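J.: What follows is a predicted structure for the sequence shown.
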Amino acid sequence: MKPMIFLAEGFEESEALLPLDILRRGGLDAITVSVTSDRIVKSSHGVQVVADALISEISVEDVQMIILPGGLPGATNLDECQSLDKMIMDFASKGKSLAAICAAPMVYGKRGLLKGKKATCYPGFDKYLDGAEYTGALVECVDNFILGKGPAAAAEFGFAILEKLAGREKANEVRKGMLYA
């Protein structure tokens, strides 16, 4: 099982690649997954990234954590992906780990998955966090969710994911090595 970062056209590159870097530095076999039929996915700023896999090539049983970067129209494209929707709802029903940053927490919020929970996202997207308590914090970790506010939260979001999957000691070790400590 691997943590997987799902990429859609228009994703925010810092919110996908910095957490990916942190997870790999922490020894996790994190991968990127294109939700399109092409491994090459263009970011919101025109950077083309070659995903490790296509969503059609993976099985929900292989996914340790679903991680959604923000960016527009990336978050909207993730929200509209039916294969991803099915996977998210499967994860939610089993209490498995879900993470999203910037505009992407709306994907969970619009499905009612954040009701009664503290949540954060890019300002203005809180209107999609159906029933959640918007905090505006850089990162919120509650139950099986890790949510980040936006690009400035990308590193802290990555460290929070690493801590959940590999422990606080490993996260602190990577944080120190990357000069975030």
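T.: That came through fine. Since the model is a prediction, treat every value here as computed from it, not as a measurement. Numbers count the residues shown, from 1 in each chain.
J.: How about the contacts made by residue 67?
T.: Counting by Cβ atoms under 8 Å, 6 or more residues apart in numbering, residue 67 touches 3-6, 19, 30, 99-100, 161. Where C-beta positions appear, they are placed from N, C-alpha and C, glycine not excepted.
J.: Actually, residue 84.
T.: For residue 84, the contact set (Cβ under 8 Å, 6+ apart) comprises 6, 35, 55, 66, 78, 107.
J.: Can you get me a residue count around the fourth one?
T.: The reference is to residue 66. A total of 25 residues lie near residue 66 under the criterion other Cβ atoms under 10 Å.
J.: re the thing from before, just the contacts of residue 84: which are in strands?
T.: 6, 66 (DSSP state E).
J.: By neighbour count, which of the contacts of residue 84 wins?
T.: Neighbour counts for the contacts of residue 84 (other Cβ under 10 Å) peak at residue 6, which has 30 neighbours.
J.: tell me the SS of the nearest residue to that residue once chain neighbours are set aside?
T.: Spatial nearest neighbour of residue 6, excluding adjacent residues (Cβ to Cβ, 6 or more residues apart in numbering): residue 33 at 5.1 Å. Judged by DSSP: H, G, I helix; E, B strand; the rest coil, the three-state class of residue 33 is strand.
J.: ok, back up a step: and the contacts of residue 84, which is closest to residue 146?
T.: Nearest to residue 146 among the contacts of residue 84: residue 66, at 10.5 Å, using Cβ to Cβ.
J.: Run through the bridge partners of the closest one.
T.: On the basis of DSSP bridges, residue 66 is bridged to residue 4, residue 98.
J.: Quick check: the gap between it and residue 163.
T.: 17 Å (Cβ to Cβ, to the nearest Å).
J.: Repeat that for residue 130.
T.: Distance of residue 130 to residue 163, given as Cβ to Cβ: 27 Å.
J.: Counting neighbours, go ahead and name the busier of those two.
T.: residue 163 (19 against 15).
J.: tell me the contacts of that one?
T.: Residue 163 sits next to 170-171 when contact means Cβ under 8 Å, 6+ apart.
J.: Then residue 75?
T.: 8, 10-11, 68-69, 102-104, 106-107, 125.
J.: do the same with residue 60
T.: Going by Cβ under 8 Å, 6+ apart, residue 60 touches 87, 90-91.
J.: ranges for the strands of this protein?
T.: For the chain, the strands defined by DSSP E occupy 2-7, 31-34, 40-42, 48-50, 53-54, 63-68, 98-101, 118-119, 133-134, 139-142, 145-148.
J.: For residue 15, which of these is the nearest?
T.: Across the strands of the chain, residue 15 has its closest neighbour in strand 98-101 (4.8 Å, Cβ to Cβ).
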